[in-house]
Structure formats: C-alpha cells, structure tokens
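Novice: Sequence unavailable; structure follows:
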C-alpha cells in the first residue's frame, strides 16, 4: 500500500512539473508575441508545438491563448501573429475546444480573406482554413452547420481575391470541394468558369492546381441530388468534353501533318468554353501546346478522381487520343512556316501524352491487358521516333532524354500494374526486340566515358601511359581530361549526364524481369547477363564507376537488376550465381552507404539461395505412420 501511494505521488509531482513547464513556455511565447517581431514567429511556433504546448495546457490556459489570438486577429498590424497562433490552436487543441471555437475561427479567417490582406497573410489564412475544414468534417453536427451556413460565403470570398492570391484561393477551394462537396454544388458553374480562366496561366503551379480543381467539379452535387449515379454521369460527361477539347487542339497543332485516315474524335462530348485564341498570333503554336498541356493534366486528374459508384470508363476513347498525339513524329513535320515551332514543342507534347497514359494505366489497372499489344507497339514506335544520335563526347546529354524518360516510366508502371499479362517482351517479336534493344542501348554507357575516369587508385597508371604530363597534374585526370598520344586533351562535361535515362531504363527492365522473367526467352536472359555482369565488373574495377556509372543511384539500380536476374531465372538458362556473389561481396566496399547496404541485403538473399536453410526436396521423407483404427 505504501509503494502504491508513493507511485501515485511521483506521478502527480511529474504532472505538476510538466504543467508548470508548459505554463512557462506559454508565458515565453506570449512575451515574444508582444514584441511584434513576425520574422521569428513561424520557427518559434513550430518549437512550441514540438513541446506539446497546447495539448498539455488546462482549459483556462488554452482559453487565454484563444483570447490572445482573437485580439491579434482584430488588428491589421498584428493579424499575421494572430494567424500563426491560431494555426497552432487549430491543430493541437482538444475536440471540445475545437467545437466551441471552430465557427468563430472560420469567421475570423474569412474576414482576413475578405480584407485583401498581403499575400503571406492570405496564404497562412488559407492554410488555417484547410485545417479547420479537415477537422470539422470529422464532427457530424459541426460539419452539418458549416455546410449549411459557412461554405458558400467562404467560396465567395475566395473567388473575390486579387490576382496575386489566386493560387492560395484555389487551394482553399480545393479544401472546400474535398471536405464539403455537397455544399459546393450550387456554385459548380461559377467555380468551373473560374478554373477554366486559370488553365492558360503562365505559372505552371497555378495551371496545375486549376486543372486539379476542375477535375473535382464532377464530384460536386446539389443539395437535392442523392446517390452516385448522377455523379458518375457527370464524370463521364466531363471526361468526354475534355477529350473533345484535346482533339480539337491536336487538330489545330497537327493541321497539314496528319496522314489521311487518322484517329478523330467521334464521341458525345462538346468542347469546353475556353477563352478564344488569336489565330493571327505568330506564337499561336506555343499557346496551343500550352493549352494541350492543361487539358492533358485535367484529363489525368479526372481519371484519378474517386467516385462513390461504379462507372464505365471510355478506355478506347482515351487511347485514341494517346495514339493520335504520338502518331506524329519529327519525320512528319516540315520545317517550313510554323513547322519549326511545331517541331520544337513536339517532344514536350509527347511527354504530356505519356503522363496521360500513365494516369489511364493507374485508373484501369490490369484490366488494360486486352490492349497490351497496342501499348507495346506504342512504346517501341515512340522510342524509335525519338532515337538520338550517339553521344559525341563523354559527359554530354543526349537528345530527347526527357521524352524517353517519360516513356520508360510509363512502361515500368504498365509492367508493375499488368504483371506478366503486360506481355511486353514476349508478345510481338518485332516490337519486343525493338523495345529490348532501346533499353539495352540506354543502359550501356559510351565506351569512351567508361574508360576515362578510372578512379583515384588507378590514375597514376593512366598518367604513366600518357607521357610526361607533369607531376601532380597527371594524377588528377577526370572525366573532362583524356590522354591521347602523349597529349593532354581537356573537355568539359557533366559526369552524370544521361543519368535519368539510364535509371528509368534500368527500372523498367528490372520490373519486366521480376514479373515475367521465367516467361522470357533464354536468348533474352543470355543477352541481359552478358550485359549486366561485365558492366558490374567494370564498375568495380573503376572504383565506383565512371560517367553515368559514377552515380550511386545507377549503381544501386544495376545491382538490383543483377539480383532480379538471379531471383527469376530462365528455366533453360542458369543464373550466374557464383559470379553474382563475388560482385555483391566486392560491392560491400562501395563508398555510398545506400549502395553498400543493398549489396549486404542482396548477398544475404543469394547466400540463402546457395545454402538453403531447410532440407532439400531430394532427401527421403519420413515413413508415414498409420493411425490405429
């Protein structure tokens, strides 16, 4: 009994001391607020939250903080400090305190937005608004009152913000549409017009947020609309209108370029009421390309919207748009007239189209397998259309790298989603072989770039063969220097040029091996082993690799591909397990901790394959004992 009483006394003392410390922290915070030094407030409030200042306070102390916040919000000079304190109160206050003050906090935030305050204050007010709407949506009675009486006023205030605050305004509208979709239904048309007017913004962030907001309009319902069928119909209608608008833009961009009998839009959608463009503008092609990006972004966001009821997605219509956009290549466009501008924007247009295809793959999933041959043909033909010239010198970025990276990422996603049913390399022999050749070509570094940077430990030998280049200078040869015939040639270059292309190709190839390695032809496994194993050995000999192999990300991805070849071998072509063990053992000494850690993990996996922990299947089984009847 005495021990129990002492234990309770210690707990009470600890609680009192902690409460006393929290009170002192709060007093220190209030003293800083009185100094009116807003530049220190964000960091100070983050530290106050780290100590759990609000969560451990009594209701009276929290009420005092609420009073300070309200007083600061009522003055234009101290409004920013009041918002900073309010952001902490909204996030860390208890449910009772939040329910008691939420409506007044919403009114205060709306007043800040209506007052046309400076941009930092508006941004912070919108951030607080997002928290208020997120937490209030979890409380049924409070959310019902806010949906009926507050949301329309907040949206009206956000729509009236000045142009420099439009990004913050749309972030606030996104929160309203996310947490209170039914309450926003009556302003659906006005919101749609607002978002359409921002899709042509030159600010990429504003354009992207406007496209994401427009995609949410289909989830808004009026006050008397119930059930998900109307929502699904609105989603399909919006998607068809976006497809019609995108086809219209492509028709203007590809005028006189497309072949006869190409894919045209024949669906039920009508074009969106976007602002008209001046046909006489010499930069009309750039404006059309900018608008196509907005429409493809909106389509991608619309495909990712979660609906409350099943919907029939028009896969063929979306694929028709993708095929039409990717069908035009550099060879189709003449450089006369505005053809040079069309040729200039074509790679980025194809990249945006591939992002749209990625969104379609994510939305449909493995059910897209019936279009597997179409996708494989698209991948191989697009890679062939954007094949660059061989790199002129090491350290030089190859042409068309961005569009090839976008394609490899889409290919990796498709194989990840579709699995063995994707049938990428084992389907059409022509397109499969072409696709494999492109991936192997982008994985293999240039021969000269592999030779140049041989690592610090081998530089002395390289300098010795170069003739007398002079003392220490010979030991500092790098990617930009080569010794040829006794003469030191200096070159500029980026040691990590083409890294993204190599990385994306490695990831796509590794995913193909993991999902359908046993289904690939033995000749394919042989080609992969004959490429990957010598590359790994050469990389180890060069003390971390050179050129693109000097990147830790590329080295780790190359090791991951090597492990995949061991884990999913061909039934008719044995994996190089002994050689792989040796490579991973030497990879433990890699200077990069991520690469060496992966080699440790891979080595453990390979050792389990080489020395199984359980008994082999070839051992005799123990005799079966019959139970007595």
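Specialist: Great, that's in hand. Quick caveat: nothing in here was measured; it's all calculated off a predicted structure.
Novice: can you give me the strands for this structure?
Specialist: 481-484, 487-490 (DSSP state E).
Novice: where among the ones you listed is the average confidence lowest?
Specialist: Comparing mean pLDDT across the strands of the chain, the lowest value falls on strand 481-484: a mean of 50.
Novice: Once you drop chain neighbours, what's closest to residue 607?
Specialist: Using CB to CB, 6 or more residues apart in numbering and skipping residues adjacent in sequence, the residue nearest residue 607 is residue 581, 7.4 Å away. Where you see a C-beta, it was placed from the backbone N, CA and C, and this is true even at glycine.
Novice: I'd like the distance between that neighbour and residue 529.
Specialist: As defined by CB to CB, to the nearest Å, residue 581 lies at a distance of 14 Å from residue 529.
Novice: do the same with residue 627
Specialist: Distance of residue 627 to residue 529, computed by CB to CB: 51 Å.
Novice: So which of the two has more stuff around it?
Specialist: Taking neighbours as other CB atoms under 10 Å, residue 627 and residue 529 compare with residue 529 leading, 21 against 4.
Novice: need the contact list for that one.
Specialist: Residues near residue 529 by CB atoms under 8 Å, 6 or more residues apart in numbering: 565, 573, 575, 576.
Novice: repeat for residue 272
Specialist: 196, 241, 242, 244, 245.
Novice: Among these, give me the pair with the biggest separation.
Specialist: Using CB to CB, these span at most 14.3 Å, a distance reached by 196 and 244.
Novice: Looking at those two now, which is surrounded by more residues?
Specialist: residue 244 (20 against 17).
Novice: Would you mind measuring from the more buried one to residue 218?
Specialist: Counting by CB to CB - residue 244 and residue 218 are separated by 16 Å.
Novice: With pLDDT and distance to residue 430 added, can I get the contacts of residue 272 in JSON lines?
Specialist: Conversion of the contacts of residue 272 to JSON lines gives the following (pLDDT from 0 to 100; distance: CB to CB, whole Å):
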{"residue": "196", "pLDDT": "96", "distance to residue 430": "44"}
{"residue": "241", "pLDDT": "96", "distance to residue 430": "38"}
{"residue": "242", "pLDDT": "97", "distance to residue 430": "34"}
{"residue": "244", "pLDDT": "96", "distance to residue 430": "34"}
{"residue": "245", "pLDDT": "97", "distance to residue 430": "35"}
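Novice: In helices only, show me the residues you listed.
Specialist: Counting by DSSP state H, the contacts of residue 272 place 196, 241, 242, 244, 245 in helices.
Novice: Return the member of those nearest to residue 542.
Specialist: The closest of the ones in helices among the contacts of residue 272, once distances to residue 542 are taken by CB to CB, is residue 242, at 50.4 Å.
Novice: could you list every residue that touches that closest one?
Specialist: Residue 242 neighbours (CB under 8 Å, 6+ apart): 269, 272, 295, 298, 299, 302.
Novice: And the pLDDT for the last one?
Specialist: Each residue has a pLDDT score; the one for residue 302 is 96.
Novice: Surely it touches residue 218?
Specialist: Yes. Using CB atoms under 8 Å, residue 302 makes contact with residue 218 at a distance of 7.1 Å.
Novice: Would you mind listing the residues touching both of these two?
Specialist: Residues touching both residue 302 and residue 218 by CB under 8 Å, 6+ apart: 235, 238.
Novice: pLDDT weak spots in the stretch 301-450 of the chain?
Specialist: Residue ranges of the stretch 301-450 of the chain with pLDDT under 70: 391-394, 446-450.
Novice: With the stretch 101-250 of the chain instead?
Specialist: For the stretch 101-250 of the chain, the stretches with pLDDT under 70 are 222-228.
Novice: That one: helices as residue ranges?
Specialist: In the stretch 101-250 of the chain, the segments counted as helices under DSSP state H, counting those that start in this stretch are 119-136, 140-149, 151-159, 166-179, 188-198, 204-215, 229-253.
Novice: Distance to residue 23 added to these, as CSV?
Specialist: As requested, the helices of the stretch 101-250 of the chain are exported to CSV (distance: least, CB to CB, whole Å):
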stretch, distance to residue 23
helix 119-136, 25
helix 140-149, 29
helix 151-159, 35
helix 166-179, 34
helix 188-198, 46
helix 204-215, 42
helix 229-253, 51
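Novice: okay, residue 521: pLDDT?
Specialist: 89.
Novice: which residues sit in contact with it?
Specialist: Counting by CB under 8 Å, 6+ apart, the residues that residue 521 touches are 426, 570.
Novice: same question, residue 196
Specialist: Residue 196 touches 210, 214, 272, 273, 274, 275, counting by CB under 8 Å, 6+ apart.
Novice: mind listing the helices in the stretch 301-450 of the chain by residue range?
Specialist: According to DSSP H, counting those that start in this stretch, the helices that the stretch 301-450 of the chain contains are 315-327, 339-364, 372-385, 401-418, 429-443, 447-452.
Novice: ok, residue 561 - how many residues close by?
Specialist: Residue 561 has 24 nearby residues by other CB under 10 Å.
Novice: Can you tell me, leaving aside adjacent residues, what's nearest to it?
Specialist: In this structure, residue 561 finds its nearest non-sequential neighbour in residue 510, 4.5 Å apart by CB to CB, 6+ apart.
Novice: distance of the one you found from residue 558?
Specialist: 9 Å.
Novice: okay, those two: which has more neighbours?
Specialist: Neighbour count, other CB under 10 Å: between residue 510 and residue 558, residue 558 has more, with 25 against 21.
Novice: okay but the more buried one is in contact with residue 507, surely?
Specialist: No. With contacts defined as CB under 8 Å, residue 558 does not count as touching residue 507, sitting 10.7 Å away.
Novice: thinking again about what came up before, tell me which of the contacts of residue 272 is nearest to residue 442?
Specialist: residue 242 (33.0 Å).
Novice: I'd guessed residue 411 sits against residue 417; true?
Specialist: No. Counting by CB under 8 Å, residue 411 sits too far from residue 417 to count as a contact (11.0 Å).
Novice: more crowded one of these two?
Specialist: residue 411 (32 against 19).
Novice: separation between that one and residue 501?
Specialist: 13 Å.
Novice: what's the answer for residue 344, then?
Specialist: For residue 344, the distance to residue 501 - CB to CB - is 21 Å.
Novice: Which one's more surrounded, the two?
Specialist: More crowded of residue 344 and residue 501, by other CB under 10 Å: residue 501, with 22 against 15.
Novice: Can you check the pLDDT for the more buried one?
Specialist: Predicted confidence (pLDDT) for residue 501: 94.
Novice: go on, the one 10 residues further on?
Specialist: Residue 511 is assigned a predicted lDDT (pLDDT) of 96.
Novice: you'd agree it is up against residue 418?
Specialist: No. If you go by CB under 8 Å, residue 511 and residue 418 don't touch, sitting 10.3 Å apart.
Novice: Next up, the contacts around residue 560.
Specialist: Each residue near residue 560 by CB under 8 Å, 6+ apart is listed here: 506, 510, 598, 602.
Novice: Relative to residue 406, which of the residues you listed is nearest.
Specialist: residue 506 (15.6 Å).
Novice: For the nearest residue to that closest one once chain neighbours are set aside, grab the count of nearby residues.
Specialist: What sits nearest to residue 506 in space, not counting adjacent residues and going by CB to CB, 6+ apart, is residue 557, at 4.2 Å. Neighbours of residue 557 under the rule other CB under 10 Å: 22.
Novice: same question, residue 330
Specialist: Here the number of neighbours of residue 330 (other CB under 10 Å) works out to 13.
Novice: can I assume it is in contact with residue 345?
Specialist: No. Between residue 330 and residue 345 there is no contact under CB under 8 Å: 11.9 Å.
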